[in-house]
Structures are given as structure tokens and as C-alpha cells.
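K.L.:
no FASTA, just this:
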């Protein structure tokens, strides 16, 4: 018995011209480049969750310091809360600026 191979068949229509296929390739590479740039920009931006975490930690320290009437501990908690709020605001501002740059105009 002999093995007979089936002829290769294309799964799609081949009516596209070379210009169309090169245009599609350019569009695909441009989309990929934008996605890669967006992914790399998001990696560089700080996460706003860090700021919220600092705010929660600061409020907890303030509560403990206030309940124990330890004014210095309360003041440290206030400082942590303020720093956390600033980190949150800066992170949100940076991410919105980077998102604005990536939008097509």
C-alpha cells in the first residue's frame, strides 16, 4: 500500500492584492506598537492603590493614637494620611495624562 497525501488547501480566499496585504500588515504593526506602548506606559505609572493603602494605614494609626491619647502617634498618622493622599492624586494625574497621549486625535 502506498501513502497518498492530500493536496494543501488554503482556508481563506486569495482575492487580496499585495497592496491590501501590505496595508493590513502596516495597520496590524501600528496597532501592536500602540498596545505595547500603552502596556509599557502603564508599567511605569504608580498604582493609585498604593496611595489609598497609605491613607487607610494613616487613618488606622490616627485612630490608635487618638484612642491612646498619644499625640505624636496621631501626628504621624496624619502625616501618613497626607502622603497617601498625595501619592494617590499624583498617580491618578499621571495615568490620565498618559491615557490622553494615547488617544487618537
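P.N.:
Received the coordinates, thanks. Since this is a predicted model, take the numbers as computed values, not measurements.

K.L.:
CA only for contacts and neighbour counts going forward, please
P.N.:
Noted.

K.L.:
what about residue 55, neighbour count?
P.N.:
Per other Cα atoms under 10 Å, the neighbour tally for residue 55 reads 24.

K.L.:
same for the strand or helix carrying it, what does it pack against?
P.N.:
Element membership for residue 55, per DSSP states H and E: helix 48-67. Where contact means 3 or more Cα pairs under 8 Å, 6 or more residues apart in numbering; DSSP states H and E, helix 48-67 is packed against helix 71-102.

K.L.:
buried residues, the helix it packs on. List them.
P.N.:
73-75, 77-88, 90-92, 94-95 (16 or more other Cα atoms under 10 Å).

K.L.:
residue ranges in this structure under the pLDDT threshold?
P.N.:
For the chain, residues meeting the criterion pLDDT under 70 lie at 1-23, 25-45, 101-105.

K.L.:
gap between residue 24 and residue 66?
P.N.:
Here the distance between residue 24 and residue 66 works out to 64 Å (Cα to Cα, to the nearest Å).

K.L.:
swap in residue 86?
P.N.:
Residue 86 sits at a distance of 23 Å from residue 66 (criterion: Cα to Cα).
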